[in-house]
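J.: test case, fold it:
(2 chains)
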Amino acid sequence: MTANSPIRMRFAPSPTGHLHVGNARTALFNWLFARQKRGAVVLRIEDTDVERSEARFEDQLIDDLKWLGLDWDEGPDVGGPYAPYRQSDRLDVYREYGERLLDEGKAYLCFCTEDELQQERDRAQAESRQQIYSGKCRMIDPDEAKRRRAGGESAAIRLRIPEHPIRFHDIVHGDVEFSNEVVSDPIILRSNGMPVYNYVVVIDDALMKITHVIRGDDHLSNTPKQVALYEALGWPVPEFAHLSTILGSDRERLSKRHGATSIANFRDMGVLPEALMNYLALLGWAPTGGTREIFSLEELVKEFSLERVTPSPAVFDMEKLYWLNRHYIKQCELQRLTFLGLEFFAKSGVLDRNPTSPPNSDRTVFVEKSLLDWFSRVTELFAPYVDRLDQLPERASPIFSYDARAALAAPENAEVLAWPQTKAVLDRFAVKVLENESAQVGKLSAEEFNKIVSEVKAETDVKGKELFHPIRIVVMGSHSGPAFDKLIPVLEEGSRLNLPKHVLSVRERVEAFSKARLG
RNA sequence: GGCGCUAUCGUCUAGGGGUUAGGACGGAAGAUUCUCAAUCUUCAAACCCGGGUUCGAUUCCCGGUAGCGCUACCA
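T.: I've put the predicted structure just below:
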């Protein structure tokens, strides 16, 4: 690796589903390193596994990556000097180099059948020996082998592993050495002509001039095979950085069993991309000093360092992600938060999706200005209370579904309702609201409401929570909730809007409550 | 089984031959608020085990143990 060659990184997911958090972290670290070093980022689609790869997953992957705020300089969607960037479009290249290795004697044809190989492995297993390929076909004369292949015998191409230990450097793990005794001659091209992962990565990384390979440490044990390939081809070996595994709370590899693991899951839960990225950066990396926790993508680009990446596996902690998400929700510009929240309100049914909205825009809800303004105030009111945006409709439910009977019956309200002063407060409050002219038309202002409260206070001589709790139960159905100043106007305006389900005004709430209370 | 990687509070981590082993999430307590949340303050909580090396190891070395990974004509 020449020291002054431009830094080139790659992110190489398989299109087998939505982007997983582990892969997202790998993508992030690659991206951070590249952007910091002013290097290039390549997106390459590894679809040599025909069984599991699907074209539509490629689009999902790209959407997920973009949602996270990542971008790339070369890739199947944007092109670039080393195109194509999809492995299924590069099969000729792999075959060409396979033949070259064969001609140079660095690789050989293997005629063993899968059954034979399986038996070999079983025997090795039974005798508790190393399960490596016996090398049976290593000695076949190359010319004879070619004749057999030409004659129709099916053959795979295997790389010859050299007779010396294989060493390489890893930025996070240091020097790593594998004895050649324990690494099998790997198949690089299957008998059906399809290349194998450990081979194509090397060909592609080398041809695409990748200088630093950052990937999950599940590839660490594969690296010696790859290093042997670079050497066989006479190509420079890149720098490696193997990132630790992300574990679930049971210390097992994070999987669907652990709940949300794909980027799409987090997006659908209303986790902000900046929160996810910040969290992922902290999984395995810490800044100098180790005390700062909040980082934007731009700040990470400045601070990030591969040398400071921890080699030990990390347990994914949802609570800490939520903490960051709460932080970013509070930071979030209200307009953006409102649009994000609208999705979830629409999903919960308190808001109609505009039937005239374009068919492919199910992630965007179109609403008229008055509705938008009102929802932005609802969002402002309740967003500080949620871990994730999908909890917004639930938190805001006192606005949308008011149930006087339930409020009277709720065990958590029982104590407040039983206070001796409560009856007087309730009575006076009801009278005041009902006789208020603004309240009659759903236009009670915060000021007028406060005036009513002070009058109730003066007339009943009840103050503090003995005063506020009963009133809050009437208005919200619960003795805890947001401040009245902001809540009252939201209720009043909501009652005048054309929503799928009518929002009750303060007066309507008082009427319903009195009716339920007094029979 | 073989090989490899890893090992600091419950979790993410800082640190590093001599420290009161630091921060954050979560937990507990208190302050504040009409309430909840938020906020602020305080508290509890860790160097896997055993051998070396050393005046001194949590830190360096070796071994053990445990977890994870690889051991495919998967990626």
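
J.: only C-alpha atoms from now on, for both contacts and neighbour counts.
T.: Will do.

J.: and after the helix or strand harbouring A:Glu412, which helix or strand comes next?
T.: Using DSSP states H and E, A:Glu412 maps to helix A:411-418. With elements assigned by DSSP H and E, the helix or strand that comes after helix A:411-418 is helix A:422-435.

J.: tell me which other helices or strands that next one touches.
T.: Packing partners of helix A:422-435 (3 or more CA pairs under 8 Å, 6 or more residues apart in numbering; DSSP states H and E): helix A:446-460, helix A:465-476, helix A:506-518.

J.: comparing those, which comes out most buried?
T.: With neighbours defined as mean count of other CA atoms under 10 Å, those peak in mean count at helix A:465-476, which reaches a mean of 21.

J.: what helices or strands is it leaning on?
T.: So helix A:465-476, by 3+ CA pairs under 8 Å, 6+ apart, packs with helix A:404-409, helix A:411-418, helix A:422-435, helix A:506-518.

J.: can you name the residues in contact with the lowest-mean-pLDDT helix or strand in chain A?
T.: The weakest-scoring helix or strand in chain A, judged by mean pLDDT, DSSP states H and E, is helix A:114-126 (a mean of 85). Helix A:114-126 has contacts (CA atoms under 8 Å, 6 or more residues apart in numbering) with A:130-134.

J.: swap the cut-off to 10 Å and go again
T.: A:113, A:127-134 (CA atoms under 10 Å, 6 or more residues apart in numbering).

J.: that one close to RNA strand B?
T.: Yes. Helix A:114-126 comes into contact with RNA strand B (CA under 7 Å from any atom of the strand), by way of A:114, A:117, A:121, A:125.

J.: low-confidence stretches in chain A?
T.: Across chain A, the ranges flagged by pLDDT under 70 are A:1-4, A:353-366.

J.: where do the strands sit along it?
T.: A:8-11, A:40-43, A:107-110, A:156-159, A:166-170, A:174-178, A:187-189, A:212-216, A:239-243, A:246-247, A:314-315 (DSSP state E).

J.: now those in CSV, please, with extra columns for mean neighbour count and distance to RNA strand B.
T.: Output for the strands of chain A, formatted as CSV (neighbours: other CA atoms under 10 Å; distance: least, CA to the nearest atom of the strand, whole Å):
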stretch, mean neighbour count, distance to RNA strand B
strand A:8-11, 24, 11
strand A:40-43, 24, 13
strand A:107-110, 25, 7
strand A:156-159, 24, 5
strand A:166-170, 16, 9
strand A:174-178, 13, 5
strand A:187-189, 22, 5
strand A:212-216, 21, 8
strand A:239-243, 22, 8
strand A:246-247, 21, 7
strand A:314-315, 18, 4
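
J.: on that earlier part again, pull the distance from the least confident helix or strand of chain A to the chain's centre.
T.: 40 Å (CA atoms, centre = their mean, to the nearest Å).

J.: and stretch A:379-391, by the same measure?
T.: Offset of stretch A:379-391 from its chain centre (CA atoms, centre = their mean): 19 Å.

J.: then stretch A:183-194?
T.: Centroid displacement of stretch A:183-194 relative to its chain, using CA atoms, centre = their mean, is 34 Å.

J.: next, the distance between the ends of it.
T.: In stretch A:183-194, first residue to last residue: 22 Å (CA to CA, to the nearest Å).

J.: quick one on the thing from earlier: output the helices and strands packed on helix A:465-476 in a markdown table; the columns should cover distance to A:Gly442.
T.: Formatted as a markdown table, the helices and strands packed on helix A:465-476 follow (distance: least, CA to CA, whole Å):
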| stretch | distance to A:Gly442 |
| --- | --- |
| helix A:404-409 | 18 |
| helix A:411-418 | 26 |
| helix A:422-435 | 11 |
| helix A:506-518 | 7 |
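
J.: now A:Lys388, nearest residue through space, not along the chain?
T.: Residue A:388: Arg, not Lys. Nearest non-adjacent residue to A:Arg388, counting by CA to CA, 6 or more residues apart in numbering: A:Gly270, 5.0 Å away.

J.: now do the same contact list for that neighbour.
T.: A:Gly270 touches A:264, A:325, A:329, A:340-341, A:343-344, A:386-392, counting by CA under 10 Å, 6+ apart.

J.: can I get these in CSV including neighbour count and distance to RNA strand B?
T.: Below are the contacts of A:Gly270 laid out as CSV (neighbours: other CA atoms under 10 Å; distance: CA to the nearest atom of the strand, whole Å):
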residue, neighbour count, distance to RNA strand B
A:Ala264, 20, 19
A:Asn325, 25, 10
A:Ile329, 24, 11
A:Leu340, 19, 19
A:Gly341, 25, 17
A:Glu343, 21, 22
A:Phe344, 23, 19
A:Val386, 18, 7
A:Asp387, 21, 9
A:Arg388, 23, 12
A:Leu389, 31, 13
A:Asp390, 22, 15
A:Gln391, 18, 13
A:Leu392, 24, 12
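
J.: got TSV for these, with distance to A:Ile45 too?
T.: Putting the contacts of A:Gly270 into TSV (distance: CA to CA, whole Å) gives the following:
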residue	distance to A:Ile45
A:Ala264	19
A:Asn325	30
A:Ile329	33
A:Leu340	30
A:Gly341	33
A:Glu343	31
A:Phe344	32
A:Val386	37
A:Asp387	34
A:Arg388	32
A:Leu389	32
A:Asp390	32
A:Gln391	35
A:Leu392	37
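
J.: just list the residues touching the most centrally placed residue in chain A, thanks.
T.: In chain A, the residue lying closest to the centroid (CA atoms, centre = their mean) is A:Ile263, at 2.6 Å. Each residue near A:Ile263 by CA under 10 Å, 6+ apart is listed here: A:18-24, A:61, A:63-65, A:67-68, A:269, A:271, A:273, A:276.

J.: now that we have those, which of them are buried?
T.: The neighbour count (16 or more other CA atoms under 10 Å) marks A:18-24, A:61, A:63-65, A:67-68, A:269, A:271, A:273, A:276 as buried among those.

J.: ok, now how distant is A:Trp72 from A:Pro13?
T.: Using CA to CA, we find A:Trp72 at a distance of 13 Å from A:Pro13.

J.: which residue of chain A lies farthest from its centroid?
T.: What lies farthest from the middle of chain A is A:Glu459; by CA atoms, centre = their mean that is 56.0 Å.

J.: that one and A:Ile452: what is the separation?
T.: Using CA to CA, one obtains 10 Å as the distance from A:Glu459 to A:Ile452.

J.: need the overlap of contacts for those two.
T.: Common neighbours of A:Glu459 and A:Ile452, counting by CA under 10 Å, 6+ apart, are A:Arg428.

J.: contacts only, for the nearest residue in space to A:Ala12 that is not next to it in sequence.
T.: Nearest non-adjacent residue to A:Ala12, counting by CA to CA, 6+ apart: A:Arg44, 4.7 Å away. By CA under 10 Å, 6+ apart, A:Arg44 lies in contact with A:10-14, A:74-77, A:83-87, A:201, A:204-205, A:208.
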